[in-house]
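A.B. asks: just to be clear, the model below is a prediction. Sequence and coordinates:
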Amino acid sequence: MNKSTLKIIYGLVALIALIGFFKFVERYQIARDGSVPAGEGGLASSSTEGPTSIQPGIIEYRNTDYGFAINLPSSWKGYSIINEEWKGYRYVEGKGDVVVERGPLFKVRHPEWTEANPRQDIPVMVFTPEQWAGINKESFHIGAAPIGPSGLGKNSKYVFALPARYNYAFSLGYEEVDQIIKNSFKALN
């Protein structure tokens, strides 16, 4: 390929990524400063409390450690919680990317998930307000994506976010997870 063809391809890829980013921001109601309205969007998991039934066909997962709840469809009965950690990096001359921040990353996993047939997890990153401000000021970054995490909701102690590109693999069930994220996250005070 010649250089002008490559420039056109790179330009189209950049345009598609930019449009996708703005659609995502619009969908999850993220303000220009990166903040999210309290109690809007999002989700997470891990907790000292397990599922409770709030109405027929709905399982509520309530996390008292971080203060949020998620309503899951009954098909998620028997879900599991995967506890991980996100890492925030800053570039340091001569050392490369150095870990400067850390925090919880929870994944709610569908009970039918298997190694041979993985399903889309519901991922939730948990930030302190100070860490969230650092992300928005680009004081550190998480991963190689050209965009950072997307805010889902907040309470008086924590901000909840989705990892960038969490569903780019289009794993089985990603549409259902998208609806759960959009409609079921509740930040609790």
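C.D. replies: Received, thanks.

A.B. asks: what are the boundaries of the helices in the chain?
C.D. replies: 3-27, 129-136, 174-184 (DSSP state H).

A.B. asks: for the shortest one, list every residue counted as buried.
C.D. replies: Looking back up the chat, that one is helix 129-136. 131-132, 134-135 (16 or more other C-beta atoms under 10 Å). C-betas here are computed from N, CA, C, even on glycine.

A.B. asks: what's the closest of these to Arg90?
C.D. replies: Lowest distance from Arg90 to these (C-beta to C-beta) belongs to Gly134, with 9.3 Å.

A.B. asks: for the closest one, give me the pLDDT.
C.D. replies: Looking at Gly134, its pLDDT reads 95.

A.B. asks: for it, what are its contacts?
C.D. replies: By C-beta atoms under 8 Å, 6 or more residues apart in numbering, Gly134 lies in contact with 88, 101, 140.

A.B. asks: report the contact partners of the first one.
C.D. replies: Neighbour list for Gly88: 99-103, 131, 134-135, 140-142 [criterion: C-beta under 8 Å, 6+ apart].

A.B. asks: again, 7 Å this time
C.D. replies: 100-102, 140-142 (C-beta atoms under 7 Å, 6 or more residues apart in numbering).

A.B. asks: of the residues you listed, select the buried ones using a ChimeraX command.
C.D. replies: Here is the ChimeraX command that selects the buried residues among these (16+ other C-beta under 10 Å):
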select :101,140,141,142
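
A.B. asks: among the contacts of Gly88, which two are most distant?
C.D. replies: Farthest pair in the contacts of Gly88, by C-beta to C-beta: Arg102 and His141, 13.5 Å.
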